[in-house]
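*Asks:* sequence? don't have it. structure:
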Ligand SMILES: [Zn+2]
């Protein structure tokens with residue numbers, strides 16, 4: 001259960017949209033929470049809680065949890081959408097993509113209103129591009 005939670009933890013940054021933080025900001029989506037530093041801190045913190053004082057198990061547990069934590073941003077970097085992943089935050093705000101991106105960015109769709117199609121408009125889903133997240 002802890003491994004599942006750690007693997008999903010970086011995407012809590014979608015809450016940033018709720019607070020008006022732009023996608024491209026350091027604390028925007030795929031920003032700080034998708035960094036190697038965050039994976040190290042989240043993995044070590046979770047290992048401290050899970051190892052429950054057993055020092056012998058701590059490092060083994062910490063390594064496994066850190067690897068699980070870092071798998072999330074690395075897999076996100078292999079998607080073909082968004083602005084990339086801030087792997088080196090806080091040392092750099094640069095966003096990175098993997099050289100090989102076979103994963104379709106399927107979950108980032110947003111509704112588009114088409115006012116010309118009726119009084120209520122017609123909502124359809126449009127694939128988001130890097131440009132649509134820049135603001
Ligand atoms: Zn993510």
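*Replies:* That came in fine, so what should we check first? Owing to the predicted nature of the structure, the values given are computational and were not obtained by experimental measurement. Numbering: from 1, shown residues only.
*Asks:* Within range of the ion, give me the residues from the protein.
*Replies:* 10, 11, 76 (C-beta under 5 Å from the ion). Glycine gets a C-beta too; all of them are placed from N, C-alpha and C.
*Asks:* at 8 Å what do you get?
*Replies:* Contact residues (C-beta under 8 Å from the ion) of the chain with the ion: 10, 11, 13, 29, 30, 33, 34, 72, 73, 75, 76, 85.
*Asks:* among these, which are in helices?
*Replies:* Under the assignment DSSP state H, these contribute 72, 73, 75, 76 to helices.
*Asks:* In this protein, where is pLDDT below threshold?
*Replies:* Applying pLDDT under 70 to the chain flags the ranges 106-135.
*Asks:* All the helices of it, in order from the start?
*Replies:* Going by DSSP H, the chain shows helices at 2-8, 15-18, 36-51, 55-76.
*Asks:* what separates the shortest one from the chain centre, distance-wise?
*Replies:* Its chain's C-alpha centre and that of helix 15-18 lie 13 Å apart, by C-alpha atoms, centre = their mean, to the nearest Å.
*Asks:* Flag every buried residue along that helix.
*Replies:* residue 16 (16 or more other C-beta atoms under 10 Å).
*Asks:* same deal with the last one?
*Replies:* By 16+ other C-beta under 10 Å, the buried positions in helix 55-76 come out as 58, 61-62, 64-66, 68-70, 72-74, 76.
*Asks:* Stretch 84-98 now?
*Replies:* Result for stretch 84-98 [16+ other C-beta under 10 Å]: buried residues 84, 85, 86, 87, 89, 95, 96, 97.
*Asks:* try stretch 1-16
*Replies:* 3, 6, 7, 9, 10, 13, 16.
*Asks:* and those residues, which two are the farthest apart?
*Replies:* 3 and 16 (24.3 Å; C-beta to C-beta).
*Asks:* if I read this right, residue 96 contacts residue 84, doesn't it?
*Replies:* Yes. When contacts are counted by C-beta atoms under 8 Å, residue 96 is listed as touching residue 84 (5.1 Å).
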